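J.: let's see this in three dimensions:
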Amino acid sequence: MGNNLPTAYKDKNSLKEYLRLKGKNHNCYKHYGNVKRIENIIKNKEIYLSRGDNWNDVRDKTRFNALPNIVNFGTCFSFSKEESVAMWMLYGGIKKSGAMIDFTKKGISSILNVNSISVGYFESKFEELVKLDRDQFDIYMMDVIYYREMEKGIYIKRGDEKGYLKNNIKTKDSNYFKTYPWNYECECRLIVSVDKSVAESNLEIATNVRISLEGLDLGKSFERIYKQPGFKGTSKLAFRQSSLSGEIDWDLH
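T.: Reported below is the predicted structural model:
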């Protein structure tokens with residue numbers, strides 16, 4: 001068992017620092033999606049973050065941008081060393097169209113040191129509203145804490161760490177808390193935060209951030225690509241077989 005979470009922080013700020021430290025030091029960053037999305041990341045060498053408006057966790061997408069002066073954009077990874085049946089079901093489902101990139105620590109470190117980002121929105125394609133330089137945004141990885149309200153207090157879990165939330169920290173105004181049923185994700189988030197004073201008019205209509213991966217040293221990240229167990233479809237990319245291939249019956253009726 002890992003450290004107990006209550007010993008890892010004293011207040012909200014030290015908890016955030018702890019989750020950022022953990023977030024940038026994993027060896028696995030599994031990014032699940034449908035095969036078209038994963039293909040586009042590799043072919044176009046770019047990754048997109050969203051404001052969370054289309055996320056499927058209602059509470060999560062509400063609190064992700066709860067602060068009045070900051071706009072957050074994010075995308076999700078799993079730091080689990082093992083592939084997840086639940087994640088394959090969530091992103092590939094019965095259509096058997098899922099794929100995944102397992103980014104390396106070196107790859108994520110390169111992304112965190114990117115010099116600029118594009119802020120914009122999608123119509124038929126991505127439309128750039130403004131390009132921001134490194135001193136105009138904050139970019140970081142942050143682990144998610146899963147919580148459950150119990151008689152003793154609010155039980156929390158991160159990976160194999162667990163404990164109870166301190167009374168001076170609230171779940172509703174923080175973008176790193178999710179309810180306990182989502183704990184199978186072992187989620188780590190890539191987040192870009194932009195102060196509204198930097199580009200307020202553009203941020204009002206922006207829905208996405210584009211990060212170019214061109215020229216970044218991603219290590220072996222693009223060699224660690226996998227297709228869903230039972231995958232049905234075609235791709236010119238050399239996807240590896242899932243470690244769960246042959247273990248799951250996807251043809252249930």
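J.: could you pull up the residues touching Gly233?
T.: Gly233 makes contact with Val35, Lys96, Ser97 under the criterion Cβ atoms under 8 Å, 6 or more residues apart in numbering. The C-beta positions use only the backbone N, C-alpha and C, and glycine is treated the same way.
J.: hang on, the last one packs against Arg37?
T.: In other words, Ser97. No. Using Cβ atoms under 8 Å, Ser97 is not in contact with Arg37; the gap is 9.8 Å.
J.: the strands in the stretch 101-250 of the chain, which residues?
T.: Assignment of strands within the stretch 101-250 of the chain using DSSP state E, counting those that start in this stretch yields the ranges 116-122, 126-133, 138-143, 145-150, 153-158, 161-164, 177-179, 187-195, 208-212, 225-227, 240-241.
J.: how near is the nearest residue to Gly92 once chain neighbours are set aside to Lys81?
T.: Among residues not flanking Gly92 along the chain, Gly98 sits closest, at 2.1 Å (Cβ to Cβ, 6 or more residues apart in numbering). Computed as Cβ to Cβ, to the nearest Å, the Gly98 to Lys81 distance reads 19 Å.
J.: before we move on, what about Gly219?
T.: Using Cβ to Cβ, one gets 17 Å for the distance from Gly219 to Lys81.
J.: more crowded one of these two?
T.: Gly219 (16 against 11; other Cβ atoms under 10 Å).
J.: what's the burial count for Asp217?
T.: Quick note: Asp217 (other Cβ under 10 Å) scores 11 neighbours.
J.: ugh, wrong one, I meant Asn56
T.: Around Asn56 there are 8 residues (other Cβ under 10 Å).
J.: which residues touch stretch 59-68?
T.: Stretch 59-68 is contacted from outside by 51-55, 71-72, 74, 171-175, 177-179, 182, using Cβ under 8 Å, 6+ apart.
J.: OK, contacts around Ala99?
T.: Contacts of Ala99 by Cβ under 8 Å, 6+ apart are 32-35, 37-39, 92, 225-228, 231, 235, 239.
J.: looking at those residues, which are in helices?
T.: By the criterion of DSSP state H, membership of the contacts of Ala99 in helices covers Val35, Arg37, Ile38, Glu39.
J.: out of the contacts of stretch 59-68, which are buried?
T.: Arg51, Gly52, Val71, Asn72, Gly74, Thr171, Ser174, Asn175, Phe177, Lys178, Trp182 (16 or more other Cβ atoms under 10 Å).
J.: is it true that the second one touches Asn72?
T.: Looking back up the chat, that one is Gly52. Yes. Gly52 lies in contact with Asn72 (Cβ under 8 Å); the separation is 7.4 Å.
J.: before we move on, the earlier item: to be precise, which single item in the contacts of Ala99 has the lowest pLDDT?
T.: Ranked by pLDDT, the contacts of Ala99 bottom out at Gly92 (82).
J.: done for today, thanks.
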